[in-house]
Each structure stands twice: as structure tokens, then as C-alpha cells.
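[1] how would this look folded up:
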Amino acid sequence: MLFPPGIPISKRIFDLVATTLGLLLISPILLILAALVALFLGTPVIFCQERPGYKGRPFFIHKFRTMTDARDADGNLLPDAFRLTSLGRVLRALSLDELPELFDVLRGEMSLVGPRPLLMRYLDRVTNRLARELCQTISTGRIASRNSKLRRASTGRICPQPGAVSPICC
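    Model (predicted):
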């Protein structure tokens, strides 16, 4: 959606301009990375995963694949540590696996500035109070680092480490 409802027009225009320019500049890198993933991991090149977007509305986030689909004898996926490839480690370490997310920004599903979408399974664990506090953190200009880790509080809720943000903003 070009201008999603509820998103400030100025923020959306910034996202569109910055993302379009960014994609034009890095398109050769995207093509090379796509070719490398296809060569070393096969197809599909892009990994899609459902994440909560604005006000918890689900969308599909897109990233370059970094793992194989290796399974055990029972057909269950092996643990991530066994499926992550050497190329995948490099892509993740340099955050290059996340470059396709720029297309999600272009489509209006994400923004360049704001909360990083958590996994859907964590959505019900984020309390309204925590979401408000995290949204206040965003509005003060402190943005989460790309690799913010979650830790479990004694209450059983998922609590972000300092600087992490929630997918639910009021």
C-alpha cells in the first residue's frame, strides 16, 4: 500500500524516497547476493516469515535464505546450528540477509525507522504497558540494535534487553 492508514505522510515519504534510492544503489549487490544464495543453497533464494506489523497486523517479512532445509530421519528440521551455512553466517554477521526487507518497506509493510518486528509467537507475550514504554523509547529517538536479544523475565513474559522495541505501538 502506497500510504498505509495511520502512518504519518512525512514518515512514509521519507521511507519511499530513501528506500528507492537505496535499492537503486545496492541493486548490483542484491543481484550478486541472490546469485550466491542460489548457487550455495539453491532455491528459493528468499525466506519469508510472518511477523506482526503496525498494530499487530501480520505481514510477511523477506530475507535472503541463510539455512538449509536439512531434516532428521523422522522428517523434523534439524536445529538451526546444524542448518546454518558458512555463507549464511557471513550474510547474518554483515546483516546482508536483511536487505530484501527494503522491498517490505517499499510496499508499506515496514518502516526504515521504528520497531523491529518480533516473531508472531511473541506477540501475545508483549504487555500493553511494555508496548507503551517501548513506543515511548522509540519516540525519544533511541532505536534498537539489529540483533536485540530477548530474555525471559521471572513472570514468564518476554522482555527486551535495553534498546529493544515492540511491534505494537499505540
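
[2] Would you map the helices across this structure?
    9-41, 80-83, 86-93, 101-107, 128-139 (DSSP state H).

[3] Would you mind finding the most buried of these?
    helix 101-107 (a mean of 18; mean count of other CB atoms under 10 Å). The C-beta positions use only the backbone N, C-alpha and C, and glycine is treated the same way.

[4] For it, give the mean pLDDT please.
    Here helix 101-107 scores 91 as its mean pLDDT.

[5] next one: stretch 50-67
    87.

[6] Can you list the buried residues in that stretch?
    Going by neighbour count (16 or more other CB atoms under 10 Å), the buried part of stretch 50-67 is 51-54, 59, 61-67.

[7] where does the protein have its least confident helix or strand?
    strand 150-152 (a mean of 38; mean pLDDT, DSSP states H and E).

[8] contacting residues for the residue nearest to Thr68 when sequence neighbours are not counted?
    Closest residue to Thr68 apart from its sequence neighbours, by CB to CB, 6 or more residues apart in numbering: Arg83 at 4.9 Å. Counting by CB atoms under 8 Å, 6 or more residues apart in numbering, Arg83 touches 67-70, 77.

[9] for Val105, same thing?
    Counting by CB under 8 Å, 6+ apart, Val105 has contacts 15, 19, 111-112.

[10] Ok, Gly108 next?
    1-4, 7, 12, 15.

[11] how close does Ala35 sit to Phe64?
    Note on Ala35: its distance to Phe64, by CB to CB, to the nearest Å, is 11 Å.

[12] go on, Thr19?
    Counting by CB to CB, the gap from Thr19 to Phe64 is 17 Å.

[13] same question, Pro8
    With CB to CB as the criterion, Pro8 and Phe64 are 30 Å apart.

[14] now do Pro4
    With CB to CB as the criterion, Pro4 and Phe64 are 25 Å apart.

[15] Can I get the helices of the chain in a markdown table including distance to Leu118?
    What follows is these, written out as a markdown table (distance: least, CB to CB, whole Å):
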| stretch | distance to Leu118 |
| --- | --- |
| helix 9-41 | 20 |
| helix 80-83 | 17 |
| helix 86-93 | 17 |
| helix 101-107 | 14 |
| helix 128-139 | 11 |
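
[16] quick one: which of these has the weakest pLDDT on average?
    Across these, helix 128-139 gives the lowest mean pLDDT, at a mean of 49.

[17] rewinding a little: looking at the contacts of Gly108, spot the one nearest Leu96.
    Asp15 (20.4 Å; CB to CB).

[18] List the contacts of that closest one.
    105-106, 108, 111-112.
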